[in-house]
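>>> Following is a predicted model, sequence given first.
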Amino acid sequence: MYRALHDASVYDDALGLLVRRGLLSAGALGPDRDAQAIRAAWARIHREKSVSSGLLRWAESLMDLAQAFGRWRSLHLLTVERIIGYKPGTGGTTGVAWLRHVASQHAFPELWEARSSLEGGPGGGCPVFPRSPLDSGPGTSQEQGRK
């Protein structure tokens, strides 16, 4: 468990890749992360498809993971609320109130925030994002479109 707490996370690895690709300075990853620089790097990857389609797929995979984790947090919150109500939680927490606060936090916040700086897609609407790598495979619309 000690290693899990102190080893680099998947997001740390992703940010390290941005540094190695020259999209982010290593100084942005210090103890006080430069959230603005990180957001700008993610936004650039989304805006400039020529930077790297692989990085864009990586970003979208991280968003898929963050979204799934957010769904789990929300379900966990509702389950705890259903079972214990508003009693104190484990570890001395305030229970449901604490879980509600935690559930409102996004994993990979700079990646979520980068979306706000993207310009609209065709016709000024929402930006167009690639399909998730999780959406491909047998029986999916991407697979059927190739036939």
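Nice, I can see it. Because the structure is a prediction, the values reported are computed rather than measured.

>>> got a list of what residue 22 touches?
With contacts defined as CB atoms under 8 Å, 6 or more residues apart in numbering, residue 22 is in contact with no residue. (C-beta placed from N, C-alpha, C; glycine too.)

>>> Now the nearest residue to residue 49 once chain neighbours are set aside: which helix or strand?
The shortest distance from residue 49 to any non-neighbouring residue, by CB to CB, 6 or more residues apart in numbering, is to residue 56 (6.8 Å). Secondary structure from DSSP states H and E places residue 56 in helix 53-84.

>>> From the contact counts, what lies against the helix or strand following that helix?
On the C-terminal side of helix 53-84, the closest following helix or strand by DSSP H and E is helix 96-103. Applying 3 or more CB pairs under 8 Å, 6 or more residues apart in numbering; DSSP states H and E, one finds that helix 96-103 makes contact with helix 53-84.

>>> if we can go back for a sec, residues near the residue nearest to residue 49, how many?
Using other CB atoms under 10 Å, residue 56 has 17 neighbouring residues.

>>> coming back round to it: the helix holding residue 56 - contacts with which helices or strands?
helix 10-20, helix 35-47, helix 96-103, helix 109-114.

>>> As a markdown table, these with mean pLDDT would be great.
Formatted as a markdown table, the helices and strands packed on helix 53-84 follow (pLDDT from 0 to 100):
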| stretch | mean pLDDT |
| --- | --- |
| helix 10-20 | 93 |
| helix 35-47 | 93 |
| helix 96-103 | 90 |
| helix 109-114 | 92 |
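
>>> now the ones you listed in JSON lines, with distance to residue 77?
JSON lines is the format used below for those (distance: least, CB to CB, whole Å):
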{"stretch": "helix 10-20", "distance to residue 77": "22"}
{"stretch": "helix 35-47", "distance to residue 77": "26"}
{"stretch": "helix 96-103", "distance to residue 77": "5"}
{"stretch": "helix 109-114", "distance to residue 77": "19"}
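
>>> Redo the ones you listed as CSV? Include distance to residue 79 and mean neighbour count.
Formatted as CSV, those follow (distance: least, CB to CB, whole Å; neighbours: other CB atoms under 10 Å):
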stretch, distance to residue 79, mean neighbour count
helix 10-20, 26, 16
helix 35-47, 32, 19
helix 96-103, 10, 16
helix 109-114, 24, 19
